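> sequence? don't have it. structure:
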DNA sequence: AATATATTCAACCATTTGGTTGAATGTCAA
DNA sequence: TTGACATTCAACCAAATGGTTGAATATATT
């Protein structure tokens, strides 16, 4: 089904507070690169690189209008990641069945 | 509440197919480092490093018995990540949310 | 005591990441 | 046309990642 590369890129892109902040900013609507970069202490170029990572993960889309690049948030990869995590939790167990697994392990150790 | 560092580490740890495979292996019960490493082409040491990343993210716990280190999967960080993603999707919007809303509206129209 | 097994530690290497600064490109505006 | 603005490109740097090999450590086994 879904190539794992896509999931890799999504999770990697999300594993950074700066990039999550960028996404949050975009979640309330389009913004230009400069606008997105404004609140951060780091250089515009650094933010530009973060945006590239988000684009590679398809979490951000770019629309060029003249010299301005308008960025927007795309929800699909996050949906896909959520789906993967939910499915995984279901198969691997969550807190609720942790006890059960523990008991299985103890049982195995007694052999 | 949860420091973003924890989420960073969880997502980063999950953003790698080898580490996800390791977790999958552990999801069905404890295993030693050697057992975990066996199916992989890479060296034992490489796997050992991956395990370290998973431990740092608290996705894997280690129990030493003599020379053997028994590894087990811990579900809590994944639960936390899922919670973050779900909350985020809720606030940032998603396709599924849109679909849900559409269905709710259709439902309302039928009344 | 000698050897084999399980694991980590240490050093090394190539690549990636996250940041910087400075220059280049493209577009708007006076 | 000249200059300001928006953005990327390029080079560089430090640190982290993902892998290797070889040695060290600790524990079992004979």
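Arrived safely. Being a predicted model, the structure only gives us computed values, none of them experimental.

> can you list the residues of chain A near DNA strand D?
A:32-35, A:44-45, A:48, A:51, A:62, A:67-70 (C-beta under 7 Å from any atom of the strand). All C-beta spots, glycine's among them, are computed from the backbone N, C-alpha and C.

> by proximity to DNA strand C, which residue of chain A wins?
Closest residue of chain A to DNA strand C, C-beta to the nearest atom of the strand: residue A:66 (2.1 Å).

> for chain A, just list every one of the strands.
Along chain A, counting by DSSP state E, strands occupy A:31-32, A:60-65, A:68-73.

> show me the contacts for the residue nearest to residue A:58 when sequence neighbours are not counted.
Leaving aside its sequence neighbours, residue A:58 sits nearest to residue A:77 (C-beta to C-beta, 6 or more residues apart in numbering or on different chains; 5.2 Å). Residues near residue A:77 by C-beta atoms under 8 Å, 6 or more residues apart in numbering or on different chains: A:6, A:9-10, A:57-59.

> go again with 10 Å.
By C-beta atoms under 10 Å, 6 or more residues apart in numbering or on different chains, the contact list for residue A:77 reads A:6-7, A:9-11, A:13-14, A:54, A:57-60.

> and if you look at residue A:48?
A:33-34, A:36-37, A:69.

> now do residue A:15
Neighbour list for residue A:15: B:7-15, B:81 [criterion: C-beta under 10 Å, 6+ apart].

> which one of those residues has the most neighbours?
Most neighbours among those, by other C-beta atoms under 10 Å in any protein chain shown: residue B:14, with 29 neighbours.

> for chain A, which segments count as helices?
Applying DSSP state H to chain A gives helices spanning A:4-14, A:17-27, A:33-37, A:44-56, A:76-92, A:95-109.

> quick check: chain neighbours aside, which residue is closest to the residue most central in space within chain A?
Taking C-alpha atoms, centre = their mean, the centroid of chain A lies closest to residue A:14, which sits 3.2 Å from it. Closest residue to residue A:14 apart from its sequence neighbours, by C-beta to C-beta, 6+ apart: residue B:11 at 5.1 Å.

> what do you get for residue A:40?
Nearest to residue A:40 is residue A:47, by C-beta to C-beta, 6+ apart, at 5.8 Å.

> perfect, that will be all.
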